[in-house]
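Asks: sequence and predicted structure below; questions after.
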Amino acid sequence: MKKIALLFLSLISTNSIALSPYIGSYQLYADTKMGNLQIGSAILNLEMKGSGFTFTTEAKTESLWKALYDYSRSEKSTGNEIDGQVINEYFSVIEKIKGEIRKDYEINIVTDKNYALSSTGEEFEIKPGLLVDPLSVYLALSNEMINNPDQLDYTYQVVDQDGVKYLKFIVDGQENVSISGREIETIRVTCEELELTLNLSVEDNFQPVRIHKVNGKTEFTMLLIEFMS
């Protein structure tokens, strides 16, 4: 763990403390009875205008695999980066399974008044501390690892349609991830409550190159195939 902290400290002088726009293209894999199969694709797109950000994702299964697992999800998160912190204003998600909408909601976040308002009509209280959504948590984690490299765990308030809860992300070690014959140096971060493991690129300001998530009985992996900054 001490070696990881020292690695972070050596990187802080070479990485920007500000968010940088990028587009990441990913292949989506699922563990099935037939093995680990590439079933779709996903795109993460971060746009910046001054200190303001718009972060979107699009994930879907390919037509060949829709009979096995027909899934799509679109997310959008907006806000600002102020003094190295991600300050959320808005989050939305549309999720479909077998063509049926399973999730479709928006959340407006009013940080200075300590509440978040869902399109379902529910209002959630925000406690003091950083509040993010399920998408912008990736941006917050990237910034924190750059600006606070000596920390080995990071805790956030995360808001979704069910309310606000605290989630802890733990630095779990270094790991090289092989993609198209290229070895990418990453830091592995886990969130036990979400059953989520992230591999964050040391070279690209700790953006995710591999995302592994357990949903019920199925394990999904998003693996980076192209990164444009």
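Replies: Cool, got the structure.

Asks: centroid residue for the chain?
Replies: For the chain, the residue nearest the mean C-alpha position is residue 138 (3.6 Å; CA atoms, centre = their mean).

Asks: that one - that's part of a helix, no?
Replies: Yes - secondary structure of residue 138, determined by DSSP: H, G, I helix; E, B strand; the rest coil: located in a helix.

Asks: hang on, it packs against residue 205?
Replies: No - here residue 138 lies out of contact with residue 205, judged by CB atoms under 8 Å, at a distance of 11.2 Å. (Glycine included, C-beta is placed from N, CA and C.)

Asks: just checking, what's the longest strand in this structure?
Replies: Counting by DSSP state E, the longest strand found in the chain is strand 163-179.

Asks: list the buried residues of that one.
Replies: For strand 163-179, the neighbour count (16 or more other CB atoms under 10 Å) marks 164, 167, 169, 171-172, 177 as buried.

Asks: pLDDT score for the residue nearest to the centre of the chain?
Replies: On the pLDDT scale, residue 138 is placed at 92.

Asks: how much space between it and residue 126?
Replies: Applying CB to CB, to the nearest Å, the value for residue 138 to residue 126 is 20 Å.

Asks: I'd say residue 130 and residue 140 touch.
Replies: Yes - with contact defined as CB under 8 Å, residue 130 and residue 140 form a contacting pair (6.4 Å).

Asks: which neighbours do the two have in common?
Replies: Overlap between the contact sets of residue 130 and residue 140, as judged by CB atoms under 8 Å, 6 or more residues apart in numbering, is given by 85-86, 156.

Asks: between those, which has the most around it?
Replies: Tallying neighbours with other CB atoms under 10 Å puts residue 86 at the head of those, with 26 neighbours.

Asks: that one bridge partners, please.
Replies: residue 81 (DSSP bridges).

Asks: look at it and report its pLDDT.
Replies: Residue 86 carries a pLDDT score of 90 in this model.

Asks: ditto for residue 182
Replies: Residue-level confidence at residue 182 comes out at 87, pLDDT.

Asks: that one: neighbouring residues, count only.
Replies: When neighbours are counted by other CB under 10 Å, residue 182 registers 8.

Asks: contacts only, for it.
Replies: For residue 182, no contacting residues are found, by CB under 8 Å, 6+ apart.

Asks: kindly report the same for residue 148.
Replies: The contact partners of residue 148, by CB under 8 Å, 6+ apart, come to residue 154.

Asks: how far away is it from residue 84?
Replies: Relative to residue 84, residue 148 is positioned 9 Å away (CB to CB).

Asks: same question, residue 187
Replies: Using CB to CB, residue 187 is found at 18 Å from residue 84.

Asks: between these two, tell me which one has more neighbours.
Replies: Looking at residue 187 and residue 84 with other CB under 10 Å, you find the greater number of neighbours at residue 187, namely 20 against 13.

Asks: that concludes my questions; thank you for your assistance.
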